[in-house]
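Curious how this folds, go ahead:
(4 chains)
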Protein chains: 4
Amino acid sequence: MTSRKSLRQQLHHIIFDYDTIPAKAFDLVLIAAIFMSVTVVMLDTVRSIHDAWGPLLYGLEWFFTILFTIEYLIRLYATESRGRYAVSFYGVIDLLAILPTYFSIFVPGTQYLLVIRFFRVLRIFRLLKLVKFVKEAEFVKASLMASGRKIVFFLFFVLVTVSIIGALIYLIEGEENGFTSIPKGVYWAIVTITTVGYGDIYPQTVLGRTLAALLMIIGYSIIAVPTGIVSAEMAAMHEKMESERKHSDSCCQSIEHDADARFCKICGRALNRPA
Amino acid sequence: MTSRKSLRQQLHHIIFDYDTIPAKAFDLVLIAAIFMSVTVVMLDTVRSIHDAWGPLLYGLEWFFTILFTIEYLIRLYATESRGRYAVSFYGVIDLLAILPTYFSIFVPGTQYLLVIRFFRVLRIFRLLKLVKFVKEAEFVKASLMASGRKIVFFLFFVLVTVSIIGALIYLIEGEENGFTSIPKGVYWAIVTITTVGYGDIYPQTVLGRTLAALLMIIGYSIIAVPTGIVSAEMAAMHEKMESERKHSDSCCQSIEHDADARFCKICGRALNRPA
Amino acid sequence: MTSRKSLRQQLHHIIFDYDTIPAKAFDLVLIAAIFMSVTVVMLDTVRSIHDAWGPLLYGLEWFFTILFTIEYLIRLYATESRGRYAVSFYGVIDLLAILPTYFSIFVPGTQYLLVIRFFRVLRIFRLLKLVKFVKEAEFVKASLMASGRKIVFFLFFVLVTVSIIGALIYLIEGEENGFTSIPKGVYWAIVTITTVGYGDIYPQTVLGRTLAALLMIIGYSIIAVPTGIVSAEMAAMHEKMESERKHSDSCCQSIEHDADARFCKICGRALNRPA
Amino acid sequence: MTSRKSLRQQLHHIIFDYDTIPAKAFDLVLIAAIFMSVTVVMLDTVRSIHDAWGPLLYGLEWFFTILFTIEYLIRLYATESRGRYAVSFYGVIDLLAILPTYFSIFVPGTQYLLVIRFFRVLRIFRLLKLVKFVKEAEFVKASLMASGRKIVFFLFFVLVTVSIIGALIYLIEGEENGFTSIPKGVYWAIVTITTVGYGDIYPQTVLGRTLAALLMIIGYSIIAVPTGIVSAEMAAMHEKMESERKHSDSCCQSIEHDADARFCKICGRALNRPA
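Purely as a prediction, here's the structure:
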């Protein structure tokens, strides 16, 4: 609340917080820059655009890389504990998002460049930094955490099903119909149970088609399971948040409860008391 | 409630309201005309139908255009504040739905005709006028509004995922397997995560197929998230509407509550009182 | 409960009811016969099976047709009001399910035979008679009725969306990429928004692919709407049925409520009283 | 609780229970071994891997088969009632998972080997043993049981729909467009209603496409039904479990209820009392 702050404190406030106008402006500019730099990386892979605008895109890539490097250094300077930021999730992502461009200078060989491009892709992770600005993420995350173990069990069930059916289809259809191995059969089973259905491999015998039809019906029915799990969790969380919200602006903090009361007699809310 | 009205008031009533028999009849005729005119536009693009019935369809198109022009002028005349209607959402749509046909007279060149056809498509927006007649839209809209921010966050998550995986598949599969650029890889990732799966591009290496399988499982699982969000919101809204409906025909309006009551002691409903 | 019944009453009991052992046995045999007769019709269309077993299948078809004809006549005889059964939903289906085979005698021409096969397909409707035996159908039906209007609004929204996008894709892609008319574009839009994705038509321009990606994301997101609607309705119905079930075997019928009570003081259930 | 146990009791504890460190370790090793043996079977079907590592994979297959055989014999020895284990679900699976490898010695003919591979696939069922370790399975299973009959009715409705539409599409499209029989039409209808959409068969006439569009919209809409059913059941079960959990650590066990009380006056929970 004191108005006088060191440069470092001011920078820290602008970069790491987002509750004043300059801090918000910084965040918005940063987000726009991230989006633009990712777009540049993407467009550069389109041959016709690369041929026409290659040097410009190359320049822009370096511009954004230097910009993000300066931002990274300021973050390192402004933060209270340098080490903790550097090894934190966002600190590592911030670093990985600028390194590939520098690496591409020292390793100029063509065949290696492709590998460098692979690292370049990591720059897209910079987008993940946006997540922390979206409040709603908390709700979704909490619901998914609560239903996490059930979803894992569900995915395990899917894995077993596609393994068995992938092996069966390999035995039924065989190599002459494109199912050259069990892993390929499992790939086909995943393509089918998730209802993607590319059509690059599909069964051609009567038995194979019957199995495929069965798998589709299974996939179509069990999609209800994760949805049901998440819906139930979200409905429960919704109710909880709603009752907490209602309560927090009305009651209980200001009144005294009877000694044996387990529920607030004014608002009906369950009280958390030692038994 | 007075039975004598000016012509303008009567027209306004017939055109803008829908609680009397003439007003309802007008709406039904209008809806039928919109459907027929859209069908005419659509059928005219089928070559065999165009060759056989071209002049008839051209005549019908002009018939509907003139009909809707007269309707537009009557609306302008009947409404209380001409300006507000003209710039309102439906006013603009009403105008855009008749302009393309007139434009096609003054600009007869072949290459421009295609652009005009594009505007012609906007006539289909006329269908949107139907929306206001469907009461249920309110419920759906309110639920979607309530879950809007969560859905936006979800779509953002999908966007980041398809960007990263689109870049990875470009690096893994490369141009020889049809993934000629990162944007094309992102397009493939969207086709896959939404389980559409055209089959125009698909991975052909083992690593690419593994990534594709992973993406399908992700898409198949996270479909639960928006569904869960909307289900939870709708369940909450349903409960709220139900309790309001029940309450409105029974209680509270007719009894006096104690000074410190926050809940109706007869029906248990929370009272909206100044704190 | 009286043991002496006329033959007609006994037949009526066996055929139309399903609460005693002979009545249940009749139903099970009937269901099995329907399934077998449908299978015979289906298998007869497979060329290799038709060539090998044609006469047997033809004989079986006549066997089932005569069986169902006898059943139809007994139903006509056993029912109290012949006319009402004959024009009822199941009466008409029962008749339509046996007529095609008889028609095929009097109209032997090849080209007409195909039309007769079309009617033959109606025999599959016989399966619908099974529905009345499944109690759970009531729950699903009641939920769908309650959410019916919202679903209709949703389907209308889908219809408008695919019309607009179908027209846009026709203008963007054009005939050279397979989008030969707006109706074909609308067909493509339906294939895409429902995530079926055959891959017989797909966009090939950058703009077309962007529109397709947008449509997929829309389809992937709005699938949440009907699911949310039905889930909310079913949750509400579930709760209602549960509270009614709990209540019916415990309370309220046997106790007297206070004059001003709106809720049962023993079980907390809302009382239906004139206001 | 006694510390001295016979070897058999100790083995039984380690193999069949999972509440101490050695028992947990055994389970984890077993799960890892199952995963590895399944992977070996799968990889052996990939031609390039088989050519390069064939003998190693063959050796590993025998290693795991002997390992699981020893495990099976120890289970037989350690269990209290040998017969009950041998005929139990897991007992039979344990046996089927080791037999195929032994059969492949005595029956060396090539054509029979394929059949043996089919049995080999059953080894994947060994994975199912994992299920009992996942507690969350109970919740999912209970919800699915509760909604089981509704799901069966739903699947029956889907079956009738695809039968009717499969027959219609056969009549509309005919053999020249790939719909060579009604069963093939039904297969196409399943591929379409489940939104898989391989694209190996698709309608090419206007009428056929209209029917396909209708079927897609049906499939897209009714996916809401099983999801709604399961969501509602899970929400109900969630609430039930939550209220039981809350209750069990707070109330009722320690207080005396009035003679006529049906609900706990402290926590509001329904009491299970003889009527």
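
Name the surrounding residues that touch stretch A:186-193.
Stretch A:186-193 is contacted by residues A:158, A:161-163, A:165-167, A:169, A:179, A:197-198, A:201-202, A:212, A:215-216, A:218-219, B:197, B:209, B:212-213, B:216-217, B:220, D:42, D:196 when judged by C-beta atoms under 8 Å, 6 or more residues apart in numbering or on different chains. Placement of C-beta: from N, CA and C, glycine included.

and what of stretch A:55-69?
With contact meaning C-beta under 8 Å, 6+ apart, stretch A:55-69 is reached by A:33, A:36-37, A:40-41, A:43-44, A:49-50, A:94, A:97-98, A:101-102, A:126.

Between those, identify the one with the most neighbours.
A:Ala97 (27 neighbours; other C-beta atoms under 10 Å in any protein chain shown).

quick one: low-confidence ranges for the stretch 1-150 of chain A?
A:1-5, A:15-20, A:24, A:89-90, A:105-144, A:146-150 (pLDDT under 70).

Quick one: the strands in it, in order.
Using DSSP state E, counting those that start in this stretch, the stretch 1-150 of chain A contains no strands.

So which residues of it form helices?
Counting by DSSP state H, counting those that start in this stretch, the stretch 1-150 of chain A has helices at residues A:7-16, A:21-43, A:47-78, A:82-87, A:89-96, A:99-106, A:110-121, A:136-173.

for those helices, which one ends up most surrounded?
Among those, helix A:136-173 has the highest mean neighbour count (mean count of other C-beta atoms under 10 Å in any protein chain shown), at a mean of 20.

right, and the helix or strand after that helix?
helix A:182-193 (DSSP states H and E).

who in chain A is up against chain C?
Chain A comes close to chain C at residues A:Thr195, A:Val196, A:Gly197, A:Tyr198, A:Gly199, A:Thr227, A:Ser231, A:Ala235, as judged by C-beta under 8 Å from any C-beta of the partner chain.

May I have stretch A:201-208 exported as CSV, CA atoms only?
Provided in CSV are the C-alpha atoms of stretch A:201-208 (Å, rounded to 0.1, in the frame of the first residue of the first chain):
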residue,chain,number,x,y,z
ILE,A,201,-8.1,-49.3,-42.8
TYR,A,202,-11.5,-51.0,-42.4
PRO,A,203,-12.7,-54.6,-42.1
GLN,A,204,-13.8,-56.3,-45.3
THR,A,205,-15.0,-59.7,-44.1
VAL,A,206,-18.4,-60.4,-42.7
LEU,A,207,-17.0,-61.4,-39.3
GLY,A,208,-14.7,-58.4,-39.2
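
does any bit of that stretch sit next to chain B?
No - counting by C-beta under 8 Å from any C-beta, chain B is not contacted by stretch A:201-208; separation bottoms out at 9.4 Å.

could you give the mean pLDDT of that stretch?
When pLDDT is averaged over stretch A:201-208, the result is 89.

if we can go back for a sec, with distance to B:Thr65 added, can I get the helices of the stretch 1-150 of chain A in TSV?
Formatted as TSV, these follow (distance: least, C-beta to C-beta, whole Å):
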stretch	distance to B:Thr65
helix A:7-16	58
helix A:21-43	42
helix A:47-78	41
helix A:82-87	65
helix A:89-96	57
helix A:99-106	57
helix A:110-121	52
helix A:136-173	46
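
filter the residues of chain A next to chain C down to the ones close to chain B.
Subset of the residues of chain A next to chain C in contact with chain B: A:Thr195, A:Val196, A:Gly197, A:Tyr198, A:Gly199, A:Thr227, A:Ser231, A:Ala235, counting by C-beta under 8 Å from any C-beta.

Could you list the low-pLDDT ranges of the stretch 151-275 of chain A?
In the stretch 151-275 of chain A (pLDDT under 70), the answer is A:153, A:238-275.

Swap in 50 and give it another go.
For the stretch 151-275 of chain A, applying pLDDT under 50 flags the ranges A:249-256, A:258, A:261, A:264-267, A:273-275.

Helix, strand, or coil at the residue in it that chain C sits nearest to?
Taking C-beta to the nearest C-beta, chain C has its nearest neighbour within the stretch 151-275 of chain A at A:Gly199, 5.4 Å off. Recorded secondary structure, A:Gly199: coil (DSSP: H, G, I helix; E, B strand; the rest coil).

same thing with the one 4 residues further on?
Secondary structure assignment for A:Pro203 (three-state DSSP): coil.

Could I get the contacting residues of whichever residue of the stretch 1-150 of chain A sits closest to chain C?
Per C-beta to the nearest C-beta, A:Val46 is where the stretch 1-150 of chain A lies closest to chain C, at 8.8 Å. Taking C-beta under 8 Å, 6+ apart, we find A:Val46 in contact with B:Thr180, B:Ser181, B:Ile182, B:Pro183.

separation between it and D:Thr210?
38 Å (C-beta to C-beta, to the nearest Å).

what domains does the record give for chain A?
Following the assignment in automatic domain parsing, chain A carries domains at A:1-123, A:131-244.

would you turn those into JSON lines with distance to C:Arg82?
Output for the domains of chain A, formatted as JSON lines (distance: least, C-beta to C-beta, whole Å):
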{"stretch": "domain A:1-123", "distance to C:Arg82": "74"}
{"stretch": "domain A:131-244", "distance to C:Arg82": "41"}
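
about what we covered before: tell me the one of the ones next to chain B among the residues of chain A next to chain C nearest D:Tyr77?
Proximity to D:Tyr77 was ranked across those by C-beta to C-beta; first place goes to A:Thr227, at 45.6 Å.

circling back: are any of the residues of chain A next to chain C buried, and if so which?
Those of the residues of chain A next to chain C that meet the buried threshold are A:Thr195, A:Val196, A:Gly197, A:Tyr198, A:Gly199, A:Thr227, A:Ser231, A:Ala235, by 16 or more other C-beta atoms under 10 Å in any protein chain shown.

Among those, which pair sits farthest apart?
Greatest spatial distance among those (C-beta to C-beta): A:Gly199 and A:Ala235, at 37.8 Å.

quick revisit: if I look at the residue of the stretch 151-275 of chain A closest to chain C, how far off is C:Trp188?
Plainly put, A:Gly199 is 16 Å away from C:Trp188 if you go by C-beta to C-beta.

Same question for A:Arg209.
With the distance defined as C-beta to C-beta, A:Arg209 ends up 25 Å from C:Trp188.

what about those two, which has more around it?
Residue environment comparison for A:Arg209 versus C:Trp188 gives the larger neighbour count to C:Trp188, 27 against 22, counting by other C-beta under 10 Å.

list the contacts for A:Met216?
A:Thr192, A:Ile193, A:Thr195, D:Ile190, D:Val191, D:Thr194, D:Val196.

Using the three-state scheme, assign it.
Under three-state DSSP, A:Met216 comes out as helix.

That one - nearest residue in space that isn't next to it in sequence?
Using C-beta to C-beta, 6 or more residues apart in numbering or on different chains and skipping the chain neighbours, the partner closest in space to A:Met216 is D:Thr194 (4.2 Å).
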